[in-house]
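Trainee: Please work out how this folds:
(chains A, B and C)
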Amino acid sequence: MTEMLEAFRLVAAPDVLIAIMASAVYGLVVGSLPGLSATMATALLVPVTFYLSPIAAVATIITASAMAIFSGDIPGALMRIPGTPASAAYTDESYAMTRKGQAELALGAGLWFSAIGGIVGTLSLVLMAPLLAEMALSFSTFEYFWLAFLGLMCATLVARSSPIKAIASMLLGLLFACVGMENPGGVPRFTFGIADLLGGIEVIPALVGVFAVSEVMRAMTTPEPPPLPRRRFGSILAGQWGLTKKYQWPMWRGNIIGIIIGVLPGAGADMAAWVSYAMSKRFSKEPEKFGTGHPEGLVEAGASNNASLASGWVPALLFGIPGDTITAIAIGVLYMKGLNPGPTLFTERASSMYALYIIFVLANIIMIPLGIIMIRVASLVLRAPRAAVMPVIVLLCAVGAFATGNNLFSVLLVGMFGIVGFVMERNGYPVAAMVLGIVMGTMVEQSFVTSLIKSDGDVLPFFERPVSSVLAAMAIAALLWPAGVWVARRLRPAEAAR
Amino acid sequence: MHLSDRVTGGFLVLLGVLAFWGGSRLPAVPGQDVGPAVFPMVVGAGLALCGALIAFGVGHSFEDEEVEPIEAHAGLARWLGDRRILAAFVPPALLLFYMLVSETLGFLPTAFVLVLVAALALGASLRLSVGMAVCAPPFVHLVFYKLLRVPLPAGILPAPW
Amino acid sequence: MNQFTRRGALAAGALAGIAPLARPALGQGRYPARPVQVIVPWGAGGGTDATARIVAALLEKEMGQPFNVVNRTGGSGVVGHAAIAQAAPDGYTIGMLTVEICMMHWQGLTELKRTAYTPLALMNEDPPGVQVNASSPHRDIKSLADAIKASRPGQFKASGTGQGGIWHLALAGWLGAMGLRADHVRWVPSNGAAPAMQDLAAGGLDIVTCSVPEARAIIEAGRARSLAIMAPQRNPQFASVPTLNETLGISYSTGAWRGMAGPLNMPREIAQALTAAMQKVWNSQEFKDFMNARGFGMVWGDAAGLSAHMERTDATLGAAMREAGLARG
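Mentor: Numbers count the residues shown, from 1 in each chain, chains lettered A, B, ... in the order given. So this is what the prediction gives:
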């Protein structure tokens, strides 16, 4: 108890509070710019943390990353430019809501359920960290393979399209992920002698290209849609309580899935949002509404996204294993400040640990008022004429892509992916499924090939371990499901018209 | 740019076969039975299979009825008439332009041209286009260069900050 | 508001410096007259990035101009290393080289070699360690080495980085020094040290040959043990871990190093000024505190020292890669 009081005293220090506020505003701004990731926001804070007290230093990282992940949803909903690979899962949904004039409901849902997910995720960190860490450490590459495979199967669920085309798009993404030398052989693959391709195709330029650039391309050939009814941008939080009550079960499912996936290093927030969105559609009573501006999927995926962000700290704090690039940076800062990750952090430095928990909760609470202000400012974009907004989006795509690695080649990639996305959408191939393939590609291949190397080419171990056999059964069921539906439809043609 | 399923499916078959072939030609890794060739070959085979299914119309019943987009009547699309689909390639062309000239010309002039052309192509009035092209780049530069420390090139017209 | 006031200070510095960007630097009086760009060939958040950022922050204090860290990623380090080599040699673009510069050209990834740079200073080197699972029957390196010698080829599985990465070469070199073939222990490529350590703890691997700082948290959590390091002497941060030499009598050592360099043909006085400033940085308490906190090995070398160090690693790694069949051409 004294440790808890000590923790409150640590957090209440003026420098910590100022650091939280400043990094919150900073994270919100950076996250809302297309092409700039939460990782970049955190990395830029590292030199600043040299000059801060340990708790203040970690507070800036926690706050800025949580804010940046949320505000990545804003350009996605308003302009169809997902800020992070995670928000790509539900960008089309929230953009469809904006087109229906429900921008405030879509963004409010993102904000409200992000905050809830973040707080529930923190509670899991407080109550079950050792248990969750044990689970993370029991996952070998065999389990990762099936997990990644399940993630890929979400492709058929997230799209309103033919499952065959969704799988084809996903495979196309996997093929893009083959480019480069970050493969098990360490040899250049499909690089065509271009040095810039050695490092592979990064997700952010692909994401910005297939969503944002292809959207501008579409705008070039279609007339400006009728302006949204000129009414006041409604209250952002109104209606969220209704959604919370109506979709309570999906919300909890999202939180739990987010916590479980988030705790697995390397899977992280990206995959959590996809899996949760797909689950939401699969188990929804009204799956036909998904993709047309239906908040149910946003509730589940938004909660899952931020829950995974918090639980991703478990392996980082207990074993120094980064779950993603953000926690990798955080681990560096923890070492630098003498808060060495490990079980002793929880016993000997308990007050510091409690202080971190309090900061997590605090960050998710102040996210709500600050997020509302941010949404209000950003939604001014909806008032501007299309011919004024779209050119700036092209410019932001160029600069954002350049900023990912300060490499002009990324700008070219963005343009190429714009064309790919445009052609795909015109022909009924879901681009989100391709992005999923690019995001998951390395993990699928890495876990598949290293598992084969470890088993000396034998496939039996893929099914032998208890957890992997369960995951394998789920994956195979997910694979056979669309085929089963198709056969069922053929047998009963009367039901073909939904 | 609407192509029949036969065309896109056929393209995927071709791409899948190329990926399979390209993968199979990758060098084996010494001391490793499973190397970098396996994954592209699996993906390539899958892609070819999906392409064939799509070309034969399997799964078509799941798709929403294709709504032919209404054609644009403003800006470049109007001027191009029947070839208005070419207008769609303005944004990628502008990105290519940015990549080629921003180092020498500098960020501000390149961004000026980029925004101006894009706005005009979208059918904005000359006043709005020039206004946007003058105002937006310095603001973007300020945020990215100062706040995020992205080294945007100065070129012939360095920013005053 | 700590970071914003700091940004303000940087902004003021940058303001004074941007205008003369196009003019040549020579004949402008004291160096540096404007901000210096520090190129890092690796992504934000890694150990190289963190090291470069602290060096840059301290150089800024030392030399009175902003040193801006720029991550030029892509091409597994090729792109960033090339950017350093191709920059104007006016002292306003320098960068952090990593051990990969002595490896990439052997793999045929690039023509770029250590000779394309003006070496400035060697800042750090981390030797590889030999880590096993905490429940492994091998309590010391001798027992492990004997077990490896007695095993059939490919029976032991090791990891730590990708195929042909520095920790893979460390293993290959160690096996070679014991008179075994480079692939006697099978290499399982991984996406870096952290996933490999996790797999070691999950029981999927026998050995991980990453550096001890990278393995540290798992070791401290009681899930793994470090049996030895491949270095000439022990690391004071991990004094209980012996060297290969004192246990097996094998004087094999290697390591992942980081050094500062500029493009070839930098003006001599500028290079000397930078080396002098870097020496002060290396000796500063802040740098020591940072490196010790992260557990990074502190190794100093001036311009000649870095040059010699690069030449040595280039030769030994080239030999190790040929041995392991990883070199091309």
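
Trainee: Need the residue closest to the centroid of the chain.
Mentor: Just so you know, I chose chain A. residue A:86 (1.9 Å; CA atoms, centre = their mean).

Trainee: my bad, chain C
Mentor: Short answer for chain C (CA atoms, centre = their mean): residue C:257, at 3.4 Å.

Trainee: Cross-check the contact I'm expecting between it and residue C:299.
Mentor: Yes - counting by CB atoms under 8 Å, residue C:257 touches residue C:299, with 6.9 Å between them. No exception for glycine: its C-beta is placed from N, CA and C like everyone else's.

Trainee: How about the contacts made by residue A:403?
Mentor: The contact partners of residue A:403, taken as CB atoms under 8 Å, 6 or more residues apart in numbering or on different chains, are A:35-36, A:40, B:144, B:148, B:150.

Trainee: For chain B, give me the ranges with low pLDDT.
Mentor: Chain B contains residues with pLDDT under 70 at B:1, B:29-32, B:59, B:61-74.

Trainee: domains for it, by residue range?
Mentor: B:5-62, B:75-147 (automatic domain parsing).

Trainee: Of the ones you listed, which is nearest residue C:264?
Mentor: With respect to residue C:264, and counting by CB to CB, the nearest of these is domain B:75-147 at 21.0 Å.

Trainee: Shouldn't residue C:262 be within a strand?
Mentor: Yes - counting by DSSP: H, G, I helix; E, B strand; the rest coil, residue C:262 falls inside a strand.

Trainee: Share the number of residues neighbouring it, please.
Mentor: By other CB atoms under 10 Å in any protein chain shown, 28 other residues sit near residue C:262.

Trainee: show me where chain C has helices.
Mentor: For chain C, applying DSSP state H gives helices covering C:2-18, C:47-63, C:78-86, C:141-150, C:166-177, C:193-201, C:212-220, C:244-248, C:268-283, C:285-294, C:303-323.

Trainee: Output these as CSV; include the columns distance to chain A.
Mentor: Below are the helices of chain C laid out as CSV (distance: least, CB to the nearest CB, whole Å):
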stretch, distance to chain A
helix C:2-18, 4
helix C:47-63, 5
helix C:78-86, 5
helix C:141-150, 17
helix C:166-177, 8
helix C:193-201, 5
helix C:212-220, 2
helix C:244-248, 25
helix C:268-283, 13
helix C:285-294, 5
helix C:303-323, 11
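
Trainee: For those, give me CSV that also has mean pLDDT, distance to residue A:460 and mean neighbour count.
Mentor: Converted to CSV, those look like this (pLDDT from 0 to 100; distance: least, CB to CB, whole Å; neighbours: other CB atoms under 10 Å in any protein chain shown):
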stretch, mean pLDDT, distance to residue A:460, mean neighbour count
helix C:2-18, 37, 54, 15
helix C:47-63, 87, 38, 22
helix C:78-86, 87, 39, 23
helix C:141-150, 93, 26, 16
helix C:166-177, 90, 27, 25
helix C:193-201, 86, 19, 26
helix C:212-220, 85, 29, 24
helix C:244-248, 88, 37, 17
helix C:268-283, 94, 53, 18
helix C:285-294, 87, 42, 16
helix C:303-323, 90, 34, 18
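
Trainee: ok, the residue nearest to the centre of chain C - contacts?
Mentor: Here residue C:257 is in contact with C:98-99, C:122, C:124-126, C:299, C:309, C:313 (CB under 8 Å, 6+ apart).

Trainee: quick revisit: gap between the residue nearest to the centre of chain A and chain B?
Mentor: 21 Å (CB to the nearest CB, to the nearest Å).

Trainee: What of residue C:303?
Mentor: 26 Å.

Trainee: I figured that residue was touching residue C:119, is that so?
Mentor: Yes - judged on CB under 8 Å, residue C:303 makes contact with residue C:119 at a distance of 4.9 Å.

Trainee: if we can go back for a sec, most neighbours, which of the contacts of residue A:403?
Mentor: residue A:36 (27 neighbours).

Trainee: And for the residue nearest to the centre of chain A, nearest residue in space, chain neighbours not counted?
Mentor: residue A:273 (4.2 Å; CB to CB, 6 or more residues apart in numbering or on different chains).

Trainee: what about residue B:160, neighbour count?
Mentor: Count around residue B:160 with other CB under 10 Å applied: 9.

Trainee: next one: residue A:26
Mentor: Neighbour number of residue A:26 under other CB under 10 Å is 24.

Trainee: before we move on, what about residue A:51?
Mentor: 12.

Trainee: Looks to me like it is in a helix.
Mentor: No - counting by three-state DSSP, residue A:51 falls outside a helix, being coil.
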